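1. Got a predicted structure plus its sequence, pasted below:
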Amino acid sequence: MSCLGCATTSPTTDKAMNDTIISRFSMTNPLVQTIGRTEPLADGSVRFAYPGVTTRFNVSGKAFWLQARSTSDQSYLEIIVDNTEPQVIQLSSQSQRIPLVFETPSPHQVAIIHRGETWHGVVTLEHIEIADGGLLDPSPLPHKRMLILGDSVTCGEAIERTADCKKTTRWWNPRLSYGMLTAAALDAQVNLVCYGGRGLVRSWNGRTDELNLPDYAELTIADPASSVVWDHGNYTPDLILSAIGTNDFSQGIPEREDYVSTYVALIKRLFELYPKTHIVLTEGAILSGEKKAALTAYLTEVQQRVASPRLHLVTSNHYPGDTCDAHPTKAQHAAMAKDLAPHLKRIMHW
């Protein structure tokens, strides 16, 4: 058990009064595990912006402090200790020292998960400090690896909507998204590479001059002001799920040849990067009717043109959200994962 934000004296006072020893560890310490795209900095801190980026470590001690900041006040982290109830932290542009006091000094497993997405702010985890203890050997990560490419649904938008329907960035929760739930069901690591409002060839508003999937798939941080190119050698997925298209179709059905040829080029790029990886295409949960049928037909043509046994198509059921928000609800995300996992398990022989 632990208490996040409980009153604590400063490390200096603790040491003076109680001989408490405070040890500092960088976020690039080899005993700290990271799942997701991050940029390590020279001072030992790490930056990231995609949702679901997870930092894990095992620790012994009386307490620990996380030093963190964002480029805005719209970013949220959640901290989970020993798989207990998550504790949500709102960041700001001012560096914060976030305390967590353990009720027992026995070993604990800590997970820090980024809830927001890129346009909410770019987050920096600076370091951790531990009272009368230190980092322990990390727990093994799953051997299977997934990469999920998508838009706001993949990012977990509006999963934790409130009864008053007044949307804030606290509504996002990628941990409960179909992608992370599916990965958990398959015992796989997962990286989410997604951006709300974006598509394959155009954004929700019809613009083609913004970062869309072929652009941000290449990036660690998809922020035009400080974009960072991703080194694909850092993470080789066994399986890529591409769930893009809803925003391309928001202004109507896009021109067929442009859409299909762009998707074919993206698939060929991914196969070039990952010669043994399987790719699954899906049209996602929001589209219905004529638009859903058109996108499914486009994906079928992509599969035919690429003509690879490693390219698969899995269609989705329609999950329309509710009267509060058009994005799928928490329960609908769980249903989406339940729909999807058996197909991926069969394809991958997992």
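-> Perfect, thanks for sending it. Residues are numbered from 1 along each chain as shown.
2. who's in contact with the helix or strand that contains Met146?
-> Secondary structure assignment for Met146, by DSSP states H and E: strand 144-150. Strand 144-150 has contacts (C-beta atoms under 8 Å, 6 or more residues apart in numbering) with 154, 179, 182-183, 186-194, 213, 217, 235-244, 284, 348, 350. (Glycine included, C-beta is placed from N, CA and C.)
3. Drop anything exposed from those.
-> 154, 179, 182-183, 186, 188-194, 213, 217, 237-244, 284, 348 (16 or more other C-beta atoms under 10 Å).
4. Ser288: what's it in contact with?
-> Ser288 touches 318, 320, counting by C-beta under 8 Å, 6+ apart.
5. Now stretch 207-220: buried residues?
-> For stretch 207-220, by 16+ other C-beta under 10 Å, it's 210-214, 216-220.
6. centroid residue for the protein?
-> Nearest residue to the geometric centre of the chain (C-alpha atoms, centre = their mean): Gly52, 2.6 Å.
7. burial count for the residue nearest to that one when sequence neighbours are not counted?
-> Distances taken as C-beta to C-beta, 6 or more residues apart in numbering place Pro174 nearest to Gly52, at 3.8 Å, with adjacent residues excluded. Other residues lying near Pro174 total 31 when counted by other C-beta atoms under 10 Å.
8. Distance of Pro174 relative to Arg97?
-> Distance, Pro174 to Arg97, using C-beta to C-beta, to the nearest Å: 25 Å.
9. go on, Phe64?
-> Going from Phe64 to Arg97 by C-beta to C-beta gives 11 Å.
10. Look at the two and report which has more neighbours.
-> Neighbour count, other C-beta under 10 Å: between Phe64 and Arg97, Phe64 has more, with 28 against 14.
11. can you pull up the bridge partners for that one?
-> Judged by DSSP bridges, the bridge partners of Phe64 are Leu100, Ile130.
12. Same question for Leu77.
-> Going by DSSP bridges, Leu77 forms beta bridges with Ile89, His114.
13. In helices, which of the contacts of strand 144-150 appear?
-> When DSSP state H is applied, those are split such that 154, 179, 182-183, 213, 348 fall in helices.
14. what's near enough to touch the closest residue to Thr55 other than its chain neighbours?
-> Distance criterion C-beta to C-beta, 6+ apart; nearest residue to Thr55, sequence neighbours excluded, is Ile112 at 4.4 Å. By C-beta under 8 Å, 6+ apart, Ile112 lies in contact with 54-56, 66, 77-79, 125.
15. could you redo those as JSON lines and give each row secondary structure and neighbour count?
-> JSON lines is the format used below for the contacts of Ile112 (DSSP: H, G, I helix; E, B strand; the rest coil; neighbours: other C-beta atoms under 10 Å):
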{"residue": "Thr54", "secondary structure": "strand", "neighbour count": "21"}
{"residue": "Thr55", "secondary structure": "strand", "neighbour count": "23"}
{"residue": "Arg56", "secondary structure": "strand", "neighbour count": "18"}
{"residue": "Leu66", "secondary structure": "strand", "neighbour count": "22"}
{"residue": "Leu77", "secondary structure": "strand", "neighbour count": "23"}
{"residue": "Glu78", "secondary structure": "strand", "neighbour count": "19"}
{"residue": "Ile79", "secondary structure": "strand", "neighbour count": "20"}
{"residue": "Leu125", "secondary structure": "strand", "neighbour count": "26"}
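16. would CSV of these with distance to Glu117 and pLDDT be doable?
-> What follows is the contacts of Ile112, written out as CSV (distance: C-beta to C-beta, whole Å; pLDDT from 0 to 100):
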residue, distance to Glu117, pLDDT
Thr54, 15, 98
Thr55, 17, 98
Arg56, 20, 97
Leu66, 20, 97
Leu77, 13, 98
Glu78, 14, 97
Ile79, 19, 97
Leu125, 17, 98
